[in-house]
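# model this:
(one chain, ligands or ions: 1)
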Amino acid sequence: MPRKIVHYPHPALRHKSKPVKTIDKELHLNIGEMKELMYQAKGLGLAAPQVALPFQLLVMNVTGDPQQPECEEVFLNPRIVERKDYITAEEGCLSFPGLYQDIRRAQTIKVQAYNLKGQLVEKVVNDLEARAWQHEIDHLNGVLFIDMMGPVSRLMARSSVKNFEKIFREAQAKGEIPPDLEIEKLLAGIESK
Ligand code: ZN
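Next up is the predicted model:
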């Protein structure tokens, strides 16, 4: 079954990801699917938990343009080692389609991650790119942008968040999405492979 982007409150979004240990064919297949889903959804980045894969993997293209594959990036086991200068700007998430709110993030960050050759790379990124990194790395830790909202944004997002919950639970009740416990078992199965 092809992967798809899961929406809040899918349990995979709250599951803390495991580091990627091997760069193999399966990983490449997953990355290919993630890139395709990211472009289809017109996103700038996608983290593996958003396709119910419990691994520290993210794909990004801050242009959001599949015609600019030179801007495409894939990172494994990323972490932020420095943050500075905080700035508030509007942010969205492919797991909350249509919801946009102001979020405060560091304007400049230094990140470390492994590339697909297994090399550790370090870079300093700013503005939109820094925002995308922080958002995607949060996903790997089970943290969502609704957790990062200030009190005003949170209040404005409340009915939308409740609506996502309602839609998800209705889909589970109809059997279109498995129950939470079953999803947790599936995630544990993927991790132990
Ligand atoms: Zn997101």
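# for this structure, what's the longest strand?
Using DSSP state E to define each element, the chain has its longest strand at strand 73-92.
# now the helices for the protein?
Under the criterion DSSP state H, the chain contains helices at 25-40, 127-140, 145-148, 151-173, 180-191.
# okay, the ones you listed in a markdown table with distance to D102, mean pLDDT and mean neighbour count next?
Heads up, the C-betas are built off the backbone N, CA and C, glycines and all. Converted to a markdown table, the helices of the chain look like this (distance: least, C-beta to C-beta, whole Å; pLDDT from 0 to 100; neighbours: other C-beta atoms under 10 Å):
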| stretch | distance to D102 | mean pLDDT | mean neighbour count |
| --- | --- | --- | --- |
| helix 25-40 | 23 | 96 | 16 |
| helix 127-140 | 11 | 97 | 21 |
| helix 145-148 | 10 | 98 | 18 |
| helix 151-173 | 5 | 97 | 13 |
| helix 180-191 | 30 | 95 | 14 |
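# Grab the nearest non-local neighbour of P97.
Distances taken as C-beta to C-beta, 6 or more residues apart in numbering place H7 nearest to P97, at 7.0 Å, with adjacent residues excluded.
# Look up the pLDDT of that neighbour for me, please.
The predicted local confidence for H7 comes out at a pLDDT of 98.
# Quick check: it touching F168?
Yes: the pair formed by H7 and F168 meets the contact definition of C-beta atoms under 8 Å, at 6.4 Å.
# got a list of what the residue positioned nearest the centre of the chain touches?
In the chain, the C-alpha closest to the average C-alpha coordinate belongs to A47, at a distance of 3.1 Å (C-alpha atoms, centre = their mean). Shown here is A47, whose contacts under the criterion C-beta atoms under 8 Å, 6 or more residues apart in numbering are 17, 57-58, 136-137, 139-140.
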